[in-house]
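S.K.: Predicted coordinates and the sequence they were generated for:
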Amino acid sequence: MKSEVFKNEKIEMLNRFVQNTDVHIFLTGKAGTGKTTFLRNLAANTYKRMVIVAPTGVAAINAGGVTIHSFFQLPFGPIVPESQQVNGSTRQQVESQSHKPTFKLNKTKLKIMRSLDLLVIDEISMVRADLLDAVDAALRKARRSSVAFGGVQLLMIGDIQQLAPVARPNEWELLQPYYKSVYFFDSHVLQNNPYICVELDHIYRQNDKEFINILNQVRNNRLDKASMDLLNRRYLPDFNPKDKEGYITLTTHNSQADEINEQKLDALKSKPLTFEAEITGIFPENAYPTKENLELKVGAQVMFVKNDPSPEKQYYNGKIGKIISYDKKEGLAVQCDDEVINVTPVKWQNFEYTLNEKTNEIEEKEIGSFTQIPLKTAWAITIHKSQGLTFNKVILNAEMAFTHGQVYVALSRCTSLDGLVLKSKIQNNVLFNDNVINTFVDKIPSMEPDSERLAKEEYNFLHQTILELFSFNDIEIQMNRLAKLMRENDNIFEKESVDSIAEKRRLFREEIIDVAMRFARQIESIFHKPKADFDFLQERIKKASAYFFKKLNDLENINEFINETDNKTVNVSVKAVIDLIKEMLYVKTACLDIAKNGFDIEKYLEMKNKKTVEAENLKSYKLKSKSVVKKDKPLMNALLKWREEKAYELEKPEAQILPKTVIDKIVELKPVSIKELKDIAKLGVTRIKAFGADIINMVLNFQGFEKKDFDDEESVREMNLSNSVTATLRLLDEDNSIDDIMKERGLSRSTIENHIVEIVKNGIYDIEDFVSAEHIATITEYFEETKDVSLNAARDVLGEDYSYFELKLVLSKLQITNS
């Protein structure tokens, strides 16, 4: 079926905001104003890489997407925001009963998130504030970005006046210290970042102007007496229609709907017909669109629960009819007004997002299916399950309404006032006036953009995207890391390699960063003119792209300037940085290459996302190896001779000096520090204290580096330490944990951690013994970019996953390196 197109100015403006800007958007509107149709058209026509998620399984399947929890791998239940704090016991109680997202995402999910342009959240009214903050945190982490949603544009779709998010009293008790309300608009990410609201106001579902006016008043909790009186004229408590009239009863609770349907079905004298669903793969039970074992009868009033997938389009989700016959070959015959529809099983698919290995495009992959007759008994359904559906004839009993928006959802399912029957009168007490909602709704008009704002945002998006193309800061950060790694380990790298990378770094700053900064100022001046000269800008972009493309290509062979060392740990660290530089260059050069012919924002985003995915599949590069024939034999001979002499000197068996297996490991790993000696099994603290200096000097001598001046290894390594720090060091040497040392010495955690900072500063232990490589990289990047050494400021930005201990360790290491 071809996607519908509305001739609607707001929808045309909305489409331009989505396609031509990166502004976050809340799309709302009364029931029947075309929100779902807009989403369907967007999915069919956008050039942006997008994913659709929804809060529930049913909503996700209806929207053609996946659930928020499954896509982002989030826990169920309240999720405490990491960056917020409460006091004392409340904090402890909250942490023990709530969840912290772990964001353990597989490679495919990470690739999808890193290449996204647009995230659509359907039925946003049911998304709780803490869940939206968790989505924000997941995208920031996956995309290594500090901006809202990791730089992905967010489109939220839903009517805040309809169904509200679920927060049980015990859950709200946990979340209340952090949030003003449970609603999505009170999430921290939306409170702190701008977004626009677009409210669709042309109603396609109802044509009755009088009824539309009543619905608007109910929606806004401002039902006046005249409208209430008009609405309550439909109060017919004894109304009992015949089945052929096709009325459906909307109830507030599942038990009410189930009771009505069971009574009506049992009253039919015809033979029960049972249909068993065929379920394959993964299809959650809470997402079943109808019953797995569906019992129907001839004469039953039924509702279609899916749009007709056939070209005939005979039925739609929510269409009411009556079963008039059943035949094993032809299936069920359902009478709907003047037509009879033969109904056979249809298939619902459960998807997950994946990447096409050949094209790297985001695709939906079927992971499960549910095949069943697309019907359910429908003398009654709940208001909740009626959301999104349209009925011509509705019976409503709203006296047990229990939440904001329920009555509005129920009334707005009906196409006209004449098709509505009330079993209980509508009173103000069932409308559930919610001041939080009312306050937000009052703000919406002021958040609606006009054509001037649209033009400005399109202009800004183009401006910022061009600046992004010519930003090389991320590559420079990695170049600095590489140079620093080599400088810190200059005793094991060849001087040529260290000098070569230092020179590459200098040239990168002079020929790329400095030039890019000057070009950025030129771009700024063009965009800040009253009328930008885009022809001139395109010419400048073509020339700049060619220039930077050539300069970046000169870095392609950067690994050839670095010799592989005999220290495996250092090799791994250097290769990791080089791989990251190579990935960044792969993406950036591809984007510059197409810009040499002129800048096109669609082509740029398409190329950037495609190459971002491809870059992660690049092979890890090898460092240049030193080809030495039988290179390890001299070291082996030196160690064996030394062992023989030491055994004679100490009058001990050679095996007690150094077992052969230990010598083999020393030859293989070539340790050049006490810490690296400790990593060798069976060497032990006692041997390291006695022979560590000799071993290290033999390795250094073998590698052609200067020997260390070890008169007494222990005294050398401890000479800058106080007695108390030395005592902590001795316990660390015995493989005690921080907690063990605290108990042994009767000191606080902060004191022991400060001792360890001193130990690391003196090079006795490596920072990697206490901080993960990922945290080191993130903290290092923060301090280098901000130049702010405040630990409190760093903690505020990075969050509670990063301890003060880790921050102090990394900062002290940086200060030593830069001194």
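M.R.: Now that the structure is in, tell me what you want to look at. Numbering: from 1, shown residues only.
S.K.: what's the distance between the residue lying closest to Ala532 once chain neighbours are set aside and Arg540?
M.R.: Once flanking residues are discounted, Ala532 sits nearest to Ile526: 5.4 Å by CB to CB, 6 or more residues apart in numbering. Quick note: C-beta positions are derived from backbone N, CA and C, even for glycine. Distance of Ile526 to Arg540, given as CB to CB, to the nearest Å: 8 Å.
S.K.: next one: Arg49
M.R.: Counting by CB to CB - Arg49 and Arg540 are separated by 28 Å.
S.K.: who's more crowded, these two?
M.R.: Arg49 (21 against 16; other CB atoms under 10 Å).
S.K.: shouldn't that one be in contact with Arg114?
M.R.: No - if you go by CB atoms under 8 Å, Arg49 and Arg114 don't touch, sitting 10.3 Å apart.
S.K.: Double-check the residue nearest to Ala532 against Leu537; I have them as touching.
M.R.: Yes - Ile526 lies in contact with Leu537 (CB under 8 Å); the separation is 5.2 Å.
S.K.: what about the residue nearest to Ala532, neighbour count?
M.R.: 16.
S.K.: do the same with the one 4 residues further on
M.R.: Applying other CB under 10 Å, we find 4 residues neighbouring Pro530.
S.K.: just the one 4 residues further on next, same as before
M.R.: Number of residues near Phe534 (other CB under 10 Å) recorded here: 13.
S.K.: try the one 4 residues further on
M.R.: Gln538 is flanked by 15 other residues according to other CB under 10 Å.
S.K.: Next up, the contacts around it.
M.R.: The neighbourhood of Gln538, defined by CB atoms under 8 Å, 6 or more residues apart in numbering, consists of Gly598, Phe599.
S.K.: Which pLDDT does the model give it?
M.R.: According to the prediction, Gln538 has pLDDT 94.
S.K.: any idea how far the host helix or strand of it is from the chain center?
M.R.: According to DSSP states H and E, Gln538 maps onto helix 534-553. Chain-centre distance of helix 534-553: 33 Å, with CA atoms, centre = their mean, to the nearest Å.
S.K.: Going toward the C-terminus from it, what's the next helix or strand?
M.R.: helix 568-595.
S.K.: elements contacting that following helix?
M.R.: If you count contacts as 3 or more CB pairs under 8 Å, 6 or more residues apart in numbering; DSSP states H and E, helix 568-595 packs onto helix 451-469, helix 473-488, helix 534-553, helix 601-615.
S.K.: Ok, which of these comes nearest Val574?
M.R.: Among the helices and strands packed on helix 568-595, the nearest to Val574 by CB to CB is helix 473-488 (5.6 Å).
S.K.: contacts for the next helix or strand after that closest one?
M.R.: On the C-terminal side of helix 473-488, the nearest following helix or strand under DSSP H and E is helix 495-507. Helix 495-507 is contacted from outside by Met479, Asn480, Leu482, Ala483, Met486, Arg487, Asp490, Leu555, Ile558, Phe561, Ile562, Asn563, using CB under 8 Å, 6+ apart.
S.K.: And those, which is closest to Asn697?
M.R.: Asp490 (17.7 Å).
S.K.: per-residue confidence for Ser102?
M.R.: Slight slip there: residue 102 is Thr, not Ser. 56.
S.K.: sorry, that was for Asn192
M.R.: 95.
S.K.: ok, the residue lying closest to it once chain neighbours are set aside - contacts?
M.R.: Excluding the flanking residues, the one nearest Asn192 by CB to CB, 6+ apart is Ala148, at 7.6 Å. Taking CB under 8 Å, 6+ apart as the criterion, Ala148 is in contact with His24, Asp136, Arg140, Leu154, Val189, Asn192, Asn193.
S.K.: Pull out the buried members of those.
M.R.: Among the contacts of Ala148, those that count as buried by neighbour count (16 or more other CB atoms under 10 Å) are His24, Asp136, Arg140, Leu154, Val189.
S.K.: thinking the third one is in contact with Val147, fair?
M.R.: So that's Arg140. Yes - between Arg140 and Val147 there is a contact under CB under 8 Å: 7.5 Å.
S.K.: Now the phi/psi pair for Ile157, please.
M.R.: Dihedral pair for Ile157: phi -120, psi 130, per degrees, to the nearest 10.
S.K.: same thing with the one 5 residues further on?
M.R.: The phi/psi pair for Gln162 (degrees, to the nearest 10) reads phi -100, psi -140.
S.K.: burial measure for the residue lying closest to Leu110 once chain neighbours are set aside, as a count.
M.R.: Closest residue in space to Leu110, ignoring its immediate chain neighbours: Ala142 at 5.5 Å, by CB to CB, 6+ apart. Counted with other CB under 10 Å, residues neighbouring Ala142 total 20.
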